[in-house]
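Visitor: sequence first, predicted model second:
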Amino acid sequence: MATATPLDSSSALAAHYETMRAAVSALVVGQDQALQLAFIALLCDGHVLFQGVPGVAKTLLVRTLAGVLGTRFGRVQFTPDLMPSDIIGSPIYHAASNDFRFRPGPIFTDLLLGDEINRAPAKTQAAMLEAMQERAVTVDGQRHALSPVFTVFATQNPIEQEGTYPLPEAELDRFLFRIDMDYPAQADELRMLALHHAEDPAPGSVAPLFTADSLRGARQVVRAIQVRAEVLGYALNLIRATRDDANLAVGGSPRAGLWLVRAAKAVAALAARDYVTPEDVQAVWCPALRHRVVLEPGAEVEGLSADQALREVVKRVPIPH
């Protein structure tokens with residue numbers, strides 16, 4: 001049952017998150033880190049890009065998360081012929097009234113799962129960018145507001161690139177995290193087989209544990225988390241270090257630093273603290289930056305990954321005490 005208790009403190013939020021994590025983990029096995037990062041993004045009012053091979057429960061995770069939050073869920077399968085009107089909606093002529101009325105598309109929901117978002121053409125990507133940034137869409141010059149909790153959970157497949165359109169940097173920068181989902185550990189995969197070999201898991205079987213009011217209260221808790229000046233300085237030094245790194249052609253933007261601090265505040269709240277530590281910043285460093293930085297060609301040729309380059313940055317930036 002959705003909570004009626006106000007989530008007005010970090011300890012209350014942390015306790016409620018543990019209840020939610022246990023409920024989701026009963027269906028989505030072995031993806032606790034991905035779940036935590038996805039929930040942090042919701043607490044920060046940010047969007048998420050999931051990357052992973054097919055079959056690692058990306059879609060199941062989002063559907064189950066929507067169910068436990070008590071929010072509306074929508075899904076769009078992106079294809080090369082998908083047009084903006086297919087997701088936004090379009091005016092439809094009504095003969096009885098002799099006028100056009102706007103028919104909303106699937107984007108008018110709370111949690112939108114965009115499967116294989118990198119298969120959409122440029123026009124559709126532009127429409128998604130407006131929705132993600134403005135929480136609104138424009139049709140025939142008229143602005144239509146989206147849900148106050150509208151969040152995009154997009155997926156892309158890293159191994160099959162034929163017929164795909166690389167996401168533009170401006171759109172990538174609107175995602176708070178890129179969550180890389182890998183195969184589960186052997187013990188988790190065995191548990192998944194034992195739980196679900198008879199039938200597919202049913203996301204709708206998880207009872208809502210949140211309400212719209214409690215989610216808004218949780219966001220207020222995160223906003224109120226304190227960040228000391230030295231921790232802000234540490235986050236800034238990390239971001240600025242990416243701009244001077246020999247392995248990176250493009251470093252983190254000021255927006256990246258802002259989202260990094262916001263995400264660290266959510267990490268602190270889920271740990272039942274009302275202040276941020278340098279370790280909180282480190283916990284979200286790679287997910288918040290891996291899709292925003294660009295490797296130097298030489299580093300790519302040598303097989304260096306964005307995560308490896310980012311971890312090297314962390315090693316050489318002094319930690320405040």
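Guide: Great, that's in hand.
Visitor: with just CA atoms, put the helix or strand of the chain with the lowest mean pLDDT into CSV.
Guide: The weakest-scoring helix or strand in the chain, judged by mean pLDDT, DSSP states H and E, is helix 169-172 (a mean of 82). This file holds the C-alpha atoms of helix 169-172, laid out as CSV (Å, rounded to 0.1, in the frame of the first residue of the first chain):
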residue,chain,number,x,y,z
GLU,A,169,25.7,15.7,-27.3
ALA,A,170,23.0,18.2,-26.3
GLU,A,171,20.5,15.3,-25.7
LEU,A,172,23.1,13.2,-23.9
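Visitor: what comes up buried for it?
Guide: Of the residues in helix 169-172, residue 171 count as buried by neighbour count, 16 or more other CB atoms under 10 Å. C-beta: built from backbone N, CA, C; applies to glycine.
Visitor: immediately after it, which helix or strand?
Guide: strand 175-180 (DSSP states H and E).
Visitor: other SSEs contacting that following strand?
Guide: In this structure, strand 175-180 packs against helix 32-43, strand 47-51, helix 254-270, helix 285-289, with contacts taken as 3 or more CB pairs under 8 Å, 6 or more residues apart in numbering; DSSP states H and E.
Visitor: circling back to that earlier point, how far does the least confident helix or strand of the chain sit from its chain's centre?
Guide: 14 Å (CA atoms, centre = their mean, to the nearest Å).
Visitor: helices and strands around that helix, which ones?
Guide: Under the contact criterion of 3+ CB pairs under 8 Å, 6+ apart, helix 169-172 touches helix 122-134.
Visitor: okay, the angle between the helix it packs on and strand 47-51?
Guide: Note on geometry: by axes from the mean of the first three to the mean of the last three CA atoms, to 10 degrees, helix 122-134 and strand 47-51 are set 130 degrees apart in direction.
Visitor: and the gap between the residue of the chain most remote from its centre and residue 149?
Guide: In terms of distance from the mean C-alpha position of the chain, residue 96 ranks first, at 43.2 Å (CA atoms, centre = their mean). Counting by CB to CB, to the nearest Å, the gap from residue 96 to residue 149 is 35 Å.
Visitor: got the contact list for the residue nearest the centre of the chain?
Guide: In the chain, the centroid-proximal residue (CA atoms, centre = their mean) is residue 48; its distance is 1.9 Å. Residues near residue 48 by CB atoms under 8 Å, 6 or more residues apart in numbering: 37, 38, 41, 151, 152, 153, 154, 175, 176, 177, 178, 179.
Visitor: a markdown table for the residues you listed, including pLDDT, neighbour count and distance to residue 67?
Guide: Listed next are the contacts of residue 48 as a markdown table, based on pLDDT from 0 to 100; neighbours: other CB atoms under 10 Å; distance: CB to CB, whole Å:
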| residue | pLDDT | neighbour count | distance to residue 67 |
| --- | --- | --- | --- |
| 37 | 96 | 24 | 18 |
| 38 | 95 | 22 | 13 |
| 41 | 96 | 27 | 17 |
| 151 | 93 | 26 | 14 |
| 152 | 94 | 21 | 18 |
| 153 | 95 | 28 | 13 |
| 154 | 93 | 27 | 19 |
| 175 | 94 | 25 | 23 |
| 176 | 96 | 28 | 22 |
| 177 | 97 | 25 | 21 |
| 178 | 95 | 21 | 24 |
| 179 | 95 | 26 | 19 |
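Visitor: would a markdown table of these with distance to residue 252 be doable?
Guide: Output for the contacts of residue 48, formatted as a markdown table (distance: CB to CB, whole Å):
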| residue | distance to residue 252 |
| --- | --- |
| 37 | 18 |
| 38 | 21 |
| 41 | 17 |
| 151 | 22 |
| 152 | 21 |
| 153 | 22 |
| 154 | 20 |
| 175 | 13 |
| 176 | 13 |
| 177 | 14 |
| 178 | 13 |
| 179 | 18 |
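Visitor: so which of the residues you listed comes closest to residue 296?
Guide: Residue 296 has its nearest neighbour among the contacts of residue 48 in residue 178, at 19.3 Å by CB to CB.
Visitor: sweet, I'm off.
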